[in-house]
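*Asks:* With the input below, show me the fold.
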Amino acid sequence: MNLLEALMILCFGLSWLISIYRSYTARTAKGKSLFFEVFLWIGYVFGIIREFMQFSSGEGLDFLFYLGWIFYFLNIAEITIDMVLYVRNVRLDRERETKLENEVAKEENAID
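*Replies:* Have a look, this model is predicted:
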């Protein structure tokens, strides 16, 4: 069971790296949902709590258990980074919109 969980979390972690890269390079929050990421973050917290519960029971504490533990923390860190990038990208979107509005206003004033 620990092998499947470790592989699942590894795949999620690789997916988060792709998401972080896209968030960083796109420089826009369009198409992203902070609400969605918060729920995923909470889900990982529940997974970590489950790891604590398994650790306290003392059962199944093999190499894969500890590997899964590491992946949980890496994934929650990756989601946190992606959420920070989301906030940055929202700010960049607002700055672009404000700049565009100011340019349009200048053009309208120049026409008048």
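
*Asks:* quick one: contacts for the closest residue to D62 other than its chain neighbours?
*Replies:* Computed as Cβ to Cβ, 6 or more residues apart in numbering, the closest residue to D62 that is not its neighbour in sequence is N2, at 6.3 Å. (C-beta placed from N, C-alpha, C; glycine too.) The contact partners of N2, taken as Cβ atoms under 8 Å, 6 or more residues apart in numbering, are G60, D62, L64, F65, L67, G68.

*Asks:* who does the one helix or strand the third one maps to touch, helix- and strand-wise?
*Replies:* With elements delineated by DSSP states H and E, L64 resides in helix 63-111, which encompasses its position. If contacts are counted by 3 or more Cβ pairs under 8 Å, 6 or more residues apart in numbering; DSSP states H and E, helix 63-111 sits against helix 2-26, helix 34-57.

*Asks:* Now do that helix against helix 34-57, angle only.
*Replies:* Inter-element angle recorded for helix 63-111 and helix 34-57: 160 degrees (by axes from the mean of the first three to the mean of the last three Cα atoms, to 10 degrees).

*Asks:* that older thread, how near is the residue nearest to D62 to F65?
*Replies:* Taking Cβ to Cβ, to the nearest Å as the measure, N2 falls 5 Å from F65.

*Asks:* Then A77?
*Replies:* With the distance defined as Cβ to Cβ, A77 ends up 19 Å from F65.

*Asks:* so L74 makes contact with L14?
*Replies:* No - no contact is recorded between L74 and L14 when judged using Cβ atoms under 8 Å, the distance being 10.4 Å.

*Asks:* Give me the more crowded residue out of these two.
*Replies:* When L74 and L14 are compared on other Cβ atoms under 10 Å, the one with more neighbours turns out to be L74, at 16 against 12.

*Asks:* excluding its backbone neighbours, what's nearest that one?
*Replies:* Closest residue in space to L74, ignoring its immediate chain neighbours: G13 at 5.5 Å, by Cβ to Cβ, 6+ apart.
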